[in-house]
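Colleague: no FASTA, just this:
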């Protein structure tokens, strides 16, 4: 029996003889929680309970290798990514789950300064989200390279995204993409919001929306902030996907499909408080209507074919 165990045993025996914890603590110079701890251990394990327990943590966290550290530094230096984006890319590219705190430690250890953010002195805009998935889906087209365009649709509420590549931005390709969106989005679409590009104002596209009972809501001209979520997610695609692949790779559509799956199911979104889109969809499943309910709310008498010229459209349908 070592000295520490003897000392603790004296505390316990003194308490058993006196029965007043305050007096024992004053005489022995210990706190009440300390006395309670050793009395409890003595009752449960007898004299063996007075030995010091191992302080080794129950959960041993993954050790950071030099290879992991170098990958984090490369993502910061070559792609100028922030902490959360680095964590997402480490999971997607290398199947390594690192917390933002761990990434922060690596960057500080290697004297990597914080990213310099471009100041935006415009009036701060109010961020809004639609209440349920499918209430509004923003759609846009982004040019990736010559004869390579990415059609993008993102749900305003959950940020669930559908992307597809086409050689041109045409009404025919817009119709094909619409079918892909309806097939892949796990909820009914109530509204489609676009900019005023030619590919969205074809009669065939608008008539197809009416057939599905989907409202067409183009934004005002020169107002990309109104379609801000799809604009921002296309920039994310350029930063986090296209910067890591060869766009001439014939397997690019399959790689893009894998990126879409990662984005919807695993990528943490700061706008969703660290959740993935599919988590938000599952949380709101009880509030999300089905296609029959959406169809019953659609009034075809209130919908019409819109023209691309915003000012002419406003004058024709006052």
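Modeller: Good, I have the coordinates. None of the values given here were measured: they were computed from a predicted structure. Numbering: from 1, shown residues only.
Colleague: From here on, just use CA atoms for contacts and neighbour counts.
Modeller: Fine.
Colleague: Domain map for the protein?
Modeller: Structural domains of the chain, as assigned by the TED database, span the residue ranges 3-50, 66-110, 137-316.
Colleague: So for the longest one, mean pLDDT?
Modeller: Model confidence over domain 137-316 averages 94 on the pLDDT scale.
Colleague: cool, and the shortest one?
Modeller: This predicted structure assigns domain 66-110 an average pLDDT of 91.
Colleague: Quick one: end-to-end length of it, please.
Modeller: When the termini of domain 66-110 are compared using CA to CA, to the nearest Å, they are 12 Å apart.
Colleague: could the domains of the chain be laid out in JSON lines, adding distance to residue 116 and mean neighbour count?
Modeller: Converted to JSON lines, those look like this (distance: least, CA to CA, whole Å; neighbours: other CA atoms under 10 Å):
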{"stretch": "domain 3-50", "distance to residue 116": "48", "mean neighbour count": "14"}
{"stretch": "domain 66-110", "distance to residue 116": "10", "mean neighbour count": "16"}
{"stretch": "domain 137-316", "distance to residue 116": "16", "mean neighbour count": "17"}
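Colleague: Name the helix or strand for residue 288, please.
Modeller: Using DSSP states H and E, residue 288 sits within no helix or strand.
Colleague: For the stretch 151-300 of the chain, which segments count as strands?
Modeller: Counting by DSSP state E, counting those that start in this stretch, the stretch 151-300 of the chain has these strands, from start to end: 161-166, 191-193, 215-216.
Colleague: coming back round to it: would you turn the domains of the chain into TSV with distance to residue 56?
Modeller: Shown next, in TSV, are these (distance: least, CA to CA, whole Å):
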stretch	distance to residue 56
domain 3-50	17
domain 66-110	20
domain 137-316	30
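Colleague: residues touching the closest residue to residue 152 other than its chain neighbours, list them.
Modeller: Leaving aside its sequence neighbours, residue 152 sits nearest to residue 163 (CA to CA, 6 or more residues apart in numbering; 4.6 Å). Applying CA atoms under 8 Å, 6 or more residues apart in numbering to residue 163 gives the contacts 150-153, 256-257, 260.
Colleague: Over to residue 36?
Modeller: Residue 36 makes no contacts at all, as judged by CA under 8 Å, 6+ apart.
Colleague: Check which helix or strand it maps to.
Modeller: Going by DSSP H and E, residue 36 is part of helix 32-45.
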